[in-house]
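**Q** Structure for the following, please:
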Amino acid sequence: AAWRRYRYFLVEETRAGRPGDPSARGLDLAAMRQAAAYLVGSHDFRNFCRADIPAVTNFRRAIKDLTIHRVGDEEDDEGVGEESEDDAAARAPRGPADPPPPPRLRLPAGLVPPGQEGVVIQLTGAAFLWHQVRYIVAVLAMVGRGQEDPRVVKALLDTGPGGAFPSKPQYAMAPDRPLLFCGAGFCGGGGDLAWRRGGGGGAGGEYSSALAGVRELLREHTAGALLLAAVAAQLEEEETCAGGAPGSHHPSSAPPPPKRARHRPLAARPRDPPLEVRLAAKGLTLAAGEPSRPVTAGVDGMEIGGL
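**A** Okay, here's the model as predicted:
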């Protein structure tokens, strides 16, 4: 593949505020886009992956574009899925084998429950390291929550001798379920390959069958979301009663809600052993420059071998 594209779907609780009030939003998209701009281009992404040693000795990869959008935000002049000025800055120059601009993604805001917001992170590259997308999302989410400064991404890419992060700080990657592999491009000897699509959109066609299956899954997940929303509403009502509201049939001394774990800055966290040391233990050295061998993407963009 000449390029691969992923989407990641974040759902965050919003802060208290009136509907439509920007202060009620949970993630700072401007800060996340500022951080994303550092990621675009060719970099050493050792601090944004799980090092698959000894299979991988070169951790330089190129991200072609990275866009971040809020689901169903009608106040956004660019709309859901369109490229904003910040996203345009977070886009590398395109060549003949580069992907087309990210497609417009239309998702109704009604899919996201009240008190929460949905954010779509879309990124494209020629190849990705093991879990690279999920580690990138994890750091961008920290920036969006105000836990890290956008410039932490620039620091994490500073991996050279005497750099800010010559080895990876220990942090958890984002969950795997919201990650979607949504596209790829292939080039032949004369440029982009021409694809012939079968099945059409008629009755019994492959697309109709696939779409029917996806819609059935969507109905099942919607039913589950309604069930959980009903349970949450009931628990909120019970919590109000437990707090001593009128008509309460419960003790007024309800236990306090669990506290969210305090964020530890990435710069203050323990570091993994340097890649150079881990590779040397296998009799290998860290490769420099752009990867020269073709690769095949596996789960979560993991390289599973050359062609």
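
**Q** make it CA atoms for all contacts and neighbour counts henceforth
**A** Noted.

**Q** next SSE after the helix or strand bottoming out on mean pLDDT in the chain?
**A** Least confident helix or strand, the chain: helix 85-89 with a mean of 52, by mean pLDDT, DSSP states H and E. Note on helix 85-89: by DSSP states H and E, the next helix or strand toward the C-terminus is strand 116-125.

**Q** Show me what counts as buried in that next one.
**A** The neighbour-count check on strand 116-125 (16 or more other C-alpha atoms under 10 Å) flags 117-125 as buried.

**Q** and if you look at stretch 99-118?
**A** So for stretch 99-118, counting by 16+ other C-alpha under 10 Å, buried means 99, 102, 107, 112, 117-118.

**Q** could I get those residues as a markdown table with distance to residue 263 and pLDDT?
**A** Output for these, formatted as a markdown table (distance: C-alpha to C-alpha, whole Å; pLDDT from 0 to 100):
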| residue | distance to residue 263 | pLDDT |
| --- | --- | --- |
| 99 | 37 | 79 |
| 102 | 33 | 77 |
| 107 | 31 | 79 |
| 112 | 26 | 83 |
| 117 | 21 | 89 |
| 118 | 22 | 90 |
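
**Q** among the residues you listed, which two are most distant?
**A** Spatially, the most separated pair among the buried residues of stretch 99-118 is 99 and 112, at 29.8 Å (C-alpha to C-alpha).

**Q** Need the pLDDT of residue 271.
**A** pLDDT, residue 271: 96.

**Q** cool, and residue 160?
**A** Looking at residue 160, its pLDDT is 88.

**Q** Compute the number of surrounding residues for it.
**A** 11 (other C-alpha atoms under 10 Å).

**Q** swap in residue 231?
**A** Residues lying near residue 231 (other C-alpha under 10 Å) number 12.

**Q** before we move on, what about residue 209?
**A** For residue 209, using other C-alpha under 10 Å, the count is 14.

**Q** can you give me the strands in the stretch 1-150 of the chain?
**A** If DSSP state E, counting those that start in this stretch is used as the criterion, the strands of the stretch 1-150 of the chain fall at 3-13, 41-44, 60-70, 116-125.
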